[in-house]
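K.L.:
Everything below, folded, please.
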Amino acid sequence: MIRNPGGGPCTAEDTVTLTYALQQSCNTPFSALAMEFGEDALAEQAEAFGFGRDLDIPMGVTPSRFPGGMDQAQLAMSAIGQYDVRVSPLQMAMVSAAIANDGVLMTPHLIGTERGPNLQVTSSTEPEEFSRPISASTAADLRQMMLAVVESGTGTPAQIPNVAVAGKTGTAESGTDAPQHAWFTAFAPAQDPQVAVAVVIEHGGADGDEAYGGRSAGPIARAVIQAVVEQ
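P.N.:
Down below sits the predicted model:
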């Protein structure tokens, strides 16, 4: 059974906007949309963001995975990151980065420049487009939705004075008796992005069973963003 936080409906209304569902981390609207659009549509979009693709940064990265061959219940769970969905923090940072970059996803690199003993540059990495998973208009819509998450939704612990942070919380069951994982991904400043980040606290860390994406992972993302934008 798929539940929303608190175990109740998203709202007392018969329908809910996508902005509100994302802002409040409601699960049921996204599960319903997944069943409406179907597995192929979700798999195609996930692949466009890099799921299933080998990455070399230059270290090898285990590909993120969106499952296939699902029934409707499994598809509904996969739409909110459950069932057999597997994703790395790098992959989620790439999703945020693509939204921040008007729908253009760049190839990730761990090292920008290499220098020799005399500090002369021996090699450098040039920006390279990875894919265009969404349109600029869709990226703009998602930017506004993610701003709402941090301004007045589940991501308020990531707020930074005078810095517009766009983010999304996540709380993922581990599939065991261990506590859930706490997630938060974000980019900032929202209108002139300088950094995209993804944080995962496996099994809730010190918060254990009380771990949630906003409360547990949000402050870590906030500290990373502050270190970049307040230099």
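K.L.:
Quick check: the gap between the residue lying farthest from the centre of the chain and Gly112.
P.N.:
Most distant residue from the mean C-alpha position of the chain: Asn118, 40.0 Å away (Cα atoms, centre = their mean). The spacing between Asn118 and Gly112, counted by Cβ to Cβ, to the nearest Å, is 19 Å. All C-beta spots, glycine's among them, are computed from the backbone N, C-alpha and C.
K.L.:
same check, this time on Ile80
P.N.:
Ile80 is 35 Å from Gly112, by Cβ to Cβ.
K.L.:
Which parts of the chain are strands?
P.N.:
55-56, 60-61, 105-106, 113-115, 121-124, 129-131, 166-172, 181-188, 195-201 (DSSP state E).
K.L.:
Please identify the deepest-packed of the ones you listed.
P.N.:
Looking across the strands of the chain with neighbours counted as mean count of other Cβ atoms under 10 Å, the highest average goes to strand 181-188: a mean of 28.
K.L.:
Okay, angle between that one and strand 166-172 too, please.
P.N.:
Angle between the axes of strand 181-188 and strand 166-172 is 170 degrees (criterion: axes from the mean of the first three to the mean of the last three Cα atoms, to 10 degrees).
K.L.:
and strand 181-188, how far from the chain's centre?
P.N.:
Offset of strand 181-188 from its chain centre (Cα atoms, centre = their mean, to the nearest Å): 6 Å.
K.L.:
Okay, helices next: where are they in this structure?
P.N.:
Using DSSP state H, the helices found in the chain span residues 18-23, 28-37, 39-49, 72-78, 89-100, 136-152, 218-229.
K.L.:
now, of the ones you listed, which is deepest in the fold?
P.N.:
helix 89-100 (a mean of 22).
K.L.:
Show me the contact partners of that one.
P.N.:
49-51, 55, 57, 61, 64, 104-106, 108, 130-131, 133-134, 139, 142-143, 146, 166-168, 183, 185-187, 190, 193, 196-200 (Cβ atoms under 8 Å, 6 or more residues apart in numbering).
K.L.:
now do stretch 54-63
P.N.:
Contacts for stretch 54-63 (Cβ under 8 Å, 6+ apart): 51-53, 88, 90, 108-111.
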